[in-house]
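1. here you go, sequence then predicted model.
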Amino acid sequence: MKQVKTHESQLPSIAIIGMGFAGTWLEIYLLDAATSDMTIYEIESHEKRKGGGIAYAECDDMHQVNLAPERMDGYHDHQHDYLNWLNSADRSKWPETFKIQMGDKKFNAGSGSFPRSLYKNYCLDRLEQAKQRAKDRGLHIHYVPIMAEAVAIREGKKRVVIHLSAMRNSCGKELQVMNLDNGEDHKIITDIWVAATGHGPAILPSFMKNMTKSDRVTLDPWCPETAKRMTERDQNESILYIGTGMTTYDLIMLDQKRGHKGSKTMISRHGDMHFVYEKGQVFNPEQPAIPEAFDKATNKEELLHGKEGEYTGAIELFQNLTAPVEQGGKGMKAEDVLLIWQKSIPKILKRLPLTDVISLFRHKTIINTRCIGIAPEVGIAMEKAIQEGLELWKGDTFDMEEREDGIYVDIHRSDLGHEKRELLRFDRVYSGLGMGNDFNVIKNEVALWYDIIENNCFTQPHRFGGVVSEEGGKLPGARAGYVIGMPSSGMRIESGHMPTVSGSVITIRSDFESVSQRIRKQLMEMHAS
């Protein structure tokens, strides 16, 4: 890391703010699209997050992915790139336990049994390869890695000034500054900037605000200290998980791997589990039979046309179930039919190209998001936890207090056939509420986005703080500013939410090419003039 006071390159330059998954892959696409020399500032406030960000870099080795490897390709047009990497990478660098477990075994499509931390290695490997490709083409790319937090953006008529400050770790504590201090003169001057900042801080509900110093309460499930506490605790302790979404499921699955034997309780206001993994997943009382062809077909022709009378009319049945009642159909929603049939859909996907499956059902979103990942594996783990005593409560949490013998939580339950409010003791409490992204809540905690939205109006904010981006990730009010990591380009972010919400690998990888091409074009125009 270089000591940075004020740094200005004479080459065309771009600053990528955030070098997690989104920032890393944007740089890969930029390098592959580059036709001339340039400077790239790689700004990251957390050294360990490079390449993987919060989700894949600082996680515990026992923390596994919740998505099948064929759905995690960084390249949107290279099928099975991540799967191929898993099967060809140097395994000597893998976590020891997992390395022993896998040996020389190969990964297959549909498998989700591998640590999240491997994905960081994949991203960094692909970045190094992209850098080598640029070098082989005769390009001179000047890389300036900077470990700091970008806190403010100032766009001039020609160039951009990015102000830097000391970084904080993912638990919000200040780290020892490696290459900067908090002085006002630490900044870089660049042509174009991209915010790839990922998630905001963890949600901190009001009833947990007095627990910030407690070692028995985990406010940020993604904080590296969480894994340390979970490993060192008494495995017979009682645990309360706040929330019943995917973050809580991750924590419970980690507890299973660590051999936790104590009581486990989940509580949510609605008293339900994340619907993707809900047992049964049937939302309609009618239960249309699953076509036999789903289980028997081995190729497209068999599925669409049948073989020796085995085809039972999957397409006709689907159309009949979803047709309006006045037209003689059942009037069911396509989503409901697919949810009922979904246990067979993964079998089809293993045998047919995804495009064929989409052409069959014409319902891409439902198939992609609900039927491909490793929902069965997560569901099995959760059902095992329930069988071992995991309880699910419906209720509200009002307050909690730490005493010598544990954490006392003021809970109002409404799942007992009657309303009941009581003070209950737990050894530990974990927040499974995940990351917050409501601008009204975190605007004073995330200096860069506060500056972007409030001080510069580089966005088009509505009353809840959301923004609109143009095609290619361009921020409408900015001369040279872009954002990557949004759920989709050109769409208004959900009311009340900032664009710092990182979409999944699936939802944002198609943006890398469009953003990188637009940046490349703007750089060329800038320096041509």
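-> Here it is on my side, so go on.
2. in terms of contact, does I519 touch Y482 like I think?
-> Yes. The pair I519 / Y482 is scored as a contact, 6.5 Å apart, by CB atoms under 8 Å. Heads up, the C-betas are built off the backbone N, CA and C, glycines and all.
3. shared neighbours, those two?
-> Common neighbours of I519 and Y482, using CB atoms under 8 Å, 6 or more residues apart in numbering, are I192, V194.
4. need the contact partners of stretch 116-131.
-> Taking CB under 8 Å, 6+ apart as the rule, stretch 116-131 contacts 21, 24-25, 27-28, 31-32, 50-52, 55-57, 59, 61, 63-65, 72, 74, 82, 85-86, 89, 93-95, 141, 143.
5. correction: the previous question concerned stretch 53-61.
-> 18, 20-22, 46, 48-52, 95, 97-98, 115-117, 119-120, 123, 170, 198-199, 222, 224, 227, 230, 254, 435, 502.
6. kindly export the strand or helix carrying L254 (C-alpha atoms) in CSV.
-> Here L254, judged by DSSP states H and E, is contained in helix 246-257. Extracted in CSV, the C-alpha atoms of helix 246-257 (Å, rounded to 0.1, in the frame of the first residue of the first chain):
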residue,chain,number,x,y,z
MET,A,246,-31.8,-16.2,5.5
THR,A,247,-29.3,-14.5,7.9
THR,A,248,-30.7,-16.4,10.8
TYR,A,249,-30.6,-19.6,8.8
ASP,A,250,-26.9,-19.1,8.2
LEU,A,251,-26.3,-18.6,11.9
ILE,A,252,-28.3,-21.7,12.8
MET,A,253,-26.5,-23.8,10.2
LEU,A,254,-23.1,-22.6,11.5
ASP,A,255,-24.2,-23.5,15.0
GLN,A,256,-25.0,-27.1,13.8
LYS,A,257,-21.6,-27.4,12.3
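7. measure E232 to I380 for me?
-> 28 Å (CB to CB, to the nearest Å).
8. show me the shaky parts of the stretch 251-400 of the chain.
-> 273-316, 334-377, 379 (pLDDT under 70).
9. let's see that with 90 instead.
-> 251-259, 268-388, 392, 394 (pLDDT under 90).
10. with the stretch 51-200 of the chain instead?
-> 52-80, 83, 89-118, 146-152, 157-158, 163-187, 196-200.
11. and the helices in it?
-> 53-56, 81-88, 96-102, 117-136 (DSSP state H, counting those that start in this stretch).
12. what is the helix holding L254 packed up against?
-> When contacts are defined as 3 or more CB pairs under 8 Å, 6 or more residues apart in numbering; DSSP states H and E, helix 246-257 packs onto helix 224-232, strand 239-242, strand 264-268, helix 375-387.
13. go through it and flag the buried ones.
-> Neighbour-count burial for helix 246-257, with 16 or more other CB atoms under 10 Å as criterion, is recorded at T247, T248, Y249, D250, L251, I252, M253, L254, D255, Q256.
14. what angle sits between that helix and helix 224-232?
-> In terms of direction (axes from the mean of the first three to the mean of the last three CA atoms, to 10 degrees), helix 246-257 departs from helix 224-232 by 30 degrees.
15. quick one, helix 246-257 and strand 264-268 angle?
-> Calculated by the same axes, to 10 degrees, helix 246-257 forms an angle of 180 degrees with strand 264-268.
16. contacts for helix 246-257, please.
-> Applying CB under 8 Å, 6+ apart, the set of residues contacting helix 246-257 is 60, 62-64, 66, 221, 227, 230, 239, 241-242, 264, 266, 274, 276-277, 378, 381-382, 384-385, 390, 430, 432-434.
17. out of these, which are buried?
-> Looks like these have 60, 62-64, 66, 221, 227, 230, 239, 241-242, 264, 266, 274, 276-277, 378, 381-382, 385, 390, 430, 432-434 buried, using 16+ other CB under 10 Å.
18. and the longest helix for the chain?
-> helix 505-528 (DSSP state H).
19. C-alpha coordinates for that one, PDB please?
-> Below are the C-alpha coordinates for helix 505-528, written out as PDB (Å, rounded to 0.1, in the frame of the first residue of the first chain):
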ATOM      1  CA  VAL A 505     -24.200 -12.500  -8.200                       C
ATOM      2  CA  ILE A 506     -27.100 -13.400 -10.500                       C
ATOM      3  CA  THR A 507     -28.800 -10.000 -10.400                       C
ATOM      4  CA  ILE A 508     -25.800  -7.700 -10.900                       C
ATOM      5  CA  ARG A 509     -23.300  -9.500 -13.200                       C
ATOM      6  CA  SER A 510     -25.100  -8.500 -16.300                       C
ATOM      7  CA  ASP A 511     -24.500  -4.800 -15.300                       C
ATOM      8  CA  PHE A 512     -20.700  -5.200 -15.400                       C
ATOM      9  CA  GLU A 513     -20.400  -5.100 -19.200                       C
ATOM     10  CA  SER A 514     -22.800  -2.200 -19.700                       C
ATOM     11  CA  VAL A 515     -21.200  -0.100 -17.000                       C
ATOM     12  CA  SER A 516     -17.600  -0.900 -18.100                       C
ATOM     13  CA  GLN A 517     -18.400  -0.100 -21.700                       C
ATOM     14  CA  ARG A 518     -20.000   3.200 -20.800                       C
ATOM     15  CA  ILE A 519     -17.000   4.200 -18.600                       C
ATOM     16  CA  ARG A 520     -14.600   3.200 -21.400                       C
ATOM     17  CA  LYS A 521     -16.500   5.400 -23.900                       C
ATOM     18  CA  GLN A 522     -16.600   8.400 -21.500                       C
ATOM     19  CA  LEU A 523     -12.800   8.100 -20.800                       C
ATOM     20  CA  MET A 524     -12.100   8.100 -24.500                       C
ATOM     21  CA  GLU A 525     -14.300  11.100 -25.100                       C
ATOM     22  CA  MET A 526     -12.700  13.000 -22.100                       C
ATOM     23  CA  HIS A 527      -9.200  12.500 -23.300                       C
ATOM     24  CA  ALA A 528     -10.000  13.000 -27.000                       C
END
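20. quick one: residues contacting the nearest residue to E237 once chain neighbours are set aside.
-> In space, E237 comes closest to D427 once its chain neighbours are excluded; the distance is 3.5 Å by CB to CB, 6 or more residues apart in numbering. Contact analysis of D427 by CB under 8 Å, 6+ apart lists R216, R233, D234, E237, S238, I239, G262, G406, I407.
21. measure the fourth one to D191 for me?
-> Read it as E237. E237 sits 54 Å away from D191, going by CB to CB.
22. the third one too?
-> Distance, D234 to D191, by CB to CB: 55 Å.
23. which one's more surrounded, the two?
-> Ranked by neighbour count (other CB atoms under 10 Å), D234 and D191 place D191 first, with 22 against 10.
24. look up phi and psi at that one.
-> phi -90, psi -50 (degrees, to the nearest 10).
25. can you pull the contacts of it?
-> P12, S13, I14, R159, V160, A480, L523, M526, H527.
26. mind redoing it with 10 Å?
-> Applying CB atoms under 10 Å, 6 or more residues apart in numbering to D191 gives the contacts 9, 11-15, 38-39, 158-160, 479-480, 519, 522-523, 526-527.
27. among these, which ones are in strands?
-> Under the assignment DSSP state E, the contacts of D191 contribute S13, I14, A15, M38, T39, V160 to strands.
28. now, which of those residues sits nearest R413?
-> A15 (50.6 Å; CB to CB).
29. assign the nearest residue to that closest one once chain neighbours are set aside to helix, strand or coil.
-> Counting by CB to CB, 6+ apart, Y41 is the residue found nearest to A15 once chain neighbours are left out, at 4.0 Å. What DSSP: H, G, I helix; E, B strand; the rest coil gives for Y41 is strand.
30. just the buried ones from the contacts of D427?
-> R216, R233, S238, I239, G262, G406, I407.
31. lowest-confidence one in these?
-> The lowest pLDDT within the buried ones among the contacts of D427 belongs to R233, which sits at 86.
32. paired strands for the longest strand belonging to the chain, with orientation please.
-> As assigned by DSSP E, the longest strand anywhere in the chain is strand 391-403. If you go by DSSP bridges, strand 391-403 pairs up with strand 264-268 (parallel), strand 406-413 (antiparallel).
33. could you export it as CSV, CA atoms only?
-> Taking Å, rounded to 0.1, in the frame of the first residue of the first chain, the C-alpha atoms of strand 391-403 are listed here in CSV:
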residue,chain,number,x,y,z
GLU,A,391,-38.6,-23.3,18.3
LEU,A,392,-40.3,-20.6,16.2
TRP,A,393,-42.2,-17.9,18.1
LYS,A,394,-44.5,-15.2,16.8
GLY,A,395,-44.1,-12.0,18.7
ASP,A,396,-42.5,-8.6,19.4
THR,A,397,-39.3,-7.9,21.3
PHE,A,398,-39.5,-4.7,23.3
ASP,A,399,-36.3,-4.5,25.4
MET,A,400,-33.4,-6.5,26.7
GLU,A,401,-31.0,-6.2,29.6
GLU,A,402,-27.8,-7.9,30.5
ARG,A,403,-27.4,-9.3,34.0
